[in-house]
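Participant: quick one: sequence plus predicted model below, questions after.
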Amino acid sequence: MTLKGYIDHIIFRNPENTYTVLSLKADDGGDYVCVGMLPEFDPGESLSIEGDLKDNPKYGVQFSITSFTISPIDDEESILRYLSSGAVKGIGPGLAKRITTKFKEDTFRIMEEEPERLSEIKGISLRKAIAIAESFESKAGSRQAISFLSQYGITPYLGQKIFGKYKDKLYDIIRTNPYKLIDDIEGIGFLSADRIASLSGISPDSEYRTNSGIMYLLSEAAGRGSLCIKETELKERAAELLSLNTELIEARLASLSIERKIIREFTGEECFIYSQSAYYAEAETARLLMDLDGEDPAEEALVLKDISRLETKNNIYLEDAQREAVVCAITHMVSVITGGPGTGKTTITNLVISYFSEKGLKITLAAPTGRAAKRMSEATGHNARTIHRLLGAGAVVEGRSLQEFEHDSDNPIETDVLILDEMSMVDIYVFRSLLRAIVPGTRLILIGDSDQLPSVGPGAVLKDIISSECFHVTRLKKIYRQSEASAIVRNAHSVIEGRMIDLDKKSEEFFLIRRDASERIIQGIIYLAGKKLPSYLSCSPLEIQVMTPMRKGALGVESLNLRLQEALNPPGEGKREIGTANGVLRSGDKVMQTKNNYDMEWIISGNAHIAAESGTGIFNGDIGTILSVSSDSACIRFDDGREAVYKGEALSELELAYAITIHKSQGSEYKAVILPLLSGPRMLMNRNLLYTAITRARQMVCIIGSPKAVEEMIGNEREENRYTGLCKRLREMQDM
């Protein structure tokens, strides 16, 4: 549906994400409330818009804009209407009438080319005429830029960011090297820049284009977890992406290598290509970790005696593998403890804490996410923090907010023992930052489950450390108190060992509901998450987590979240909502932070709503609930008690979290987990993914879908291979 008309008035506008609500007087005589992401329009401007009429339960019928074009303001009536709106500073309705009466359709040309002539109008001095012209030019520059950029498929939101960064230089950049946008403008990637370049007529074999394409493929590999890529594979993919011959790609690789923008690394006969940042992150991580390693001079016999005494004191009994883990954690400066659920990692952690506490050493506990840190605190009785908070992310020093971390090599963490849990989640960049803040002489104990999915960020740090055989690793395999182990624990171990689980076995903790169609699965999820499980488990629906392998498709995160929001938190009287780049958020919604925001301020309320603690930094994967919504902001309370107010562009960092991907669930634990499993890409639907999903549940796992999908996942050991070199670097340094 297409509407043409002029803007009568602006009802609401979010300047950060360009979400706009306006009243349009259409040529067909109707008045329409229109919503969408739009540039900074003013009343009186003429538009042609496309979209659909939608019935909002709270606000009534609205016209949802999908695209628009700006109609020229070139007749006297339109010019008068625009100037009367107050869009140009210094001009009101009366003055607008006098100007257009004198200059008629030539008004805008006069304001642009002969602004001094405005002083011919009674009430306008030469000085005021120049000020009016400058205000008009500023408005025209922004509108002209956004209109120009829209020809290249650039949204008003990104258009305003580009104009704000480059001003009038943007025209030259777009026409000569739009690939510069990739580095300067968040939200512009290679594919967007390449589309712009094509429309600008830039040569397909431009050096800007080929270099950007190569760096894009390296960043794409990093997005899949790899720190490097085989040179042969990179050349083939670059040639395909850019539609160029491999000889030209080889020449560009040689040039980038000379400039040290990429690093070539040989492993045997195979050559791997790193980006500069990935190469040095991996090399520095290996060096810092090896610098920490060593043995404590404590006599093992005395250590064993102390451990036996602590076992008696704490009324616990350690099996051989558990005792080995405790001894090695005490007698080695770097040690690793790995094992699945029910294998005694928490028991070992508590005994290690007791030992070092008796010795008067300062102990620090950390985990990658807020949920994991909270679980660690509950299991040990000692305060645990996220790695980001431990490092002082977003700290303010001498009146300025830090972009990196407060703690580094110049300001290390003051501790004797650092115990890091859920190590499988830690990527190379976070681990490098942590190691920078640890001085030699600090004991580092790494705890995790190497069978879990690797980190969302690049690298396979835990697996590489274990594979290097440079540090003492204790592998816990035995499930202690097997008879008391839950069906969740037993089935998790069966899955990772490749043994089929009995899906017909009746259990209150682990069961399958057979459904063979997406819509039936969705209806089942809504019933389970909204009614059945909260009632059965005496909990809030927000404590039930739907987890799915995919983002796209009928059973993907994006679709499921819209259906679950509609069912679990529909619009209603007193529920305020706000439009964002990711859709509508309303009071009561479960949401997730989708990127690290080091500057976001938060508080933890004390008594009488007085802040007991405050700080900055909300991080990718943090989950919370929307407490309240105003006209331009939303207040979120996260699971660890932090509260933060989101405004403007920050709102686009939130997305609904009724359903999340299994990858995003790492380090978390939920009262109950609902897993919709029907079909999906073989590379994604594998054993490790299912194992990770099952081990996120504390009381119940409900799989809804096809038993065949479960069986195929158990039988599928394939994982997307991550190319990393940390294992090799550690071994090389050990041999030096």
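Facilitator: It's in. These numbers were taken from a predicted model, which means no experiment stands behind them.
Participant: C635 is in contact with G624, correct?
Facilitator: No - if you go by C-beta atoms under 8 Å, G624 and C635 don't touch, sitting 9.7 Å apart. In this view, the C-beta of every residue, glycine as well, is placed from N, C-alpha and C.
Participant: between the two, which one's more packed in?
Facilitator: Neighbours were counted for G624 and for C635 using other C-beta atoms under 10 Å; G624 has more, 25 against 16.
Participant: helix/strand/coil for that one?
Facilitator: strand (DSSP: H, G, I helix; E, B strand; the rest coil).
Participant: relative to I604, how far out is the closest residue to it other than its chain neighbours?
Facilitator: In space, and not counting its chain neighbours, G624 is closest to F638: 3.7 Å by C-beta to C-beta, 6 or more residues apart in numbering. Distance from F638 to I604, counting by C-beta to C-beta, to the nearest Å: 10 Å.
Participant: shared neighbours of the two, anything?
Facilitator: With contacts defined as C-beta atoms under 8 Å, 6 or more residues apart in numbering, no residue is adjacent to both F638 and I604.
Participant: quick one: which of these two has more around it?
Facilitator: Taking other C-beta under 10 Å, F638 and I604 do not tie; F638 has more neighbours (21 against 15).
Participant: can you list phi and psi of that one for me?
Facilitator: phi -90, psi 170 (degrees, to the nearest 10).
Participant: low-scoring stretches of this structure, by residue?
Facilitator: Scanning the chain for pLDDT under 70 picks out 15-17, 58, 140, 143, 156, 296-297, 394-403, 480-485, 606-611.
Participant: who's in contact with the closest residue to Y658 other than its chain neighbours?
Facilitator: Leaving aside its chain neighbours, Y658 sits nearest to L564 (3.7 Å; criterion: C-beta to C-beta, 6+ apart). For L564, the contact set (C-beta under 8 Å, 6+ apart) comprises I525, I526, A529, G530, V546, L656, Y658, A659.
Participant: want to throw these into JSON lines with neighbour count, secondary structure and distance to S275?
Facilitator: JSON lines is the format used below for the contacts of L564 (neighbours: other C-beta atoms under 10 Å; DSSP: H, G, I helix; E, B strand; the rest coil; distance: C-beta to C-beta, whole Å):
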{"residue": "I525", "neighbour count": "28", "secondary structure": "helix", "distance to S275": "40"}
{"residue": "I526", "neighbour count": "18", "secondary structure": "helix", "distance to S275": "44"}
{"residue": "A529", "neighbour count": "25", "secondary structure": "helix", "distance to S275": "41"}
{"residue": "G530", "neighbour count": "17", "secondary structure": "helix", "distance to S275": "45"}
{"residue": "V546", "neighbour count": "25", "secondary structure": "strand", "distance to S275": "36"}
{"residue": "L656", "neighbour count": "23", "secondary structure": "strand", "distance to S275": "33"}
{"residue": "Y658", "neighbour count": "27", "secondary structure": "coil", "distance to S275": "36"}
{"residue": "A659", "neighbour count": "27", "secondary structure": "strand", "distance to S275": "33"}
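Participant: closest one of those residues to V352?
Facilitator: Comparing the contacts of L564 against V352 with C-beta to C-beta places V546 closest, at 35.9 Å.
Participant: next SSE after the strand or helix carrying the residue nearest to Y658?
Facilitator: Using DSSP states H and E, L564 maps to helix 557-568. Following helix 557-568 in sequence order, the next helix or strand is strand 577-580 (DSSP H and E).
Participant: list the strands paired with that next one, with their directions.
Facilitator: The strands that strand 577-580 pairs with in its sheet are strand 583-586 (antiparallel) (by DSSP bridges).
Participant: who's in contact with the next helix or strand after the partner strand?
Facilitator: Remark: after strand 583-586, the chain's next helix or strand is strand 590-593, criterion DSSP H and E. For strand 590-593, contacts defined as C-beta under 8 Å, 6+ apart pick out 542, 585, 618-626, 636, 653-658, 660, 664.
Participant: with stretch 31-40 instead?
Facilitator: So stretch 31-40 is contacted by 3, 5, 8, 11, 13, 15, 17-26, 49, 51, 59-66, 68, 142-143, 146, 155-157, 159-160, 579, 581 (C-beta under 8 Å, 6+ apart).
Participant: and that stretch, what's buried?
Facilitator: Residues Y32, C34, V35, G36, M37, L38, P39, E40 are the ones in stretch 31-40 that count as buried (16 or more other C-beta atoms under 10 Å).
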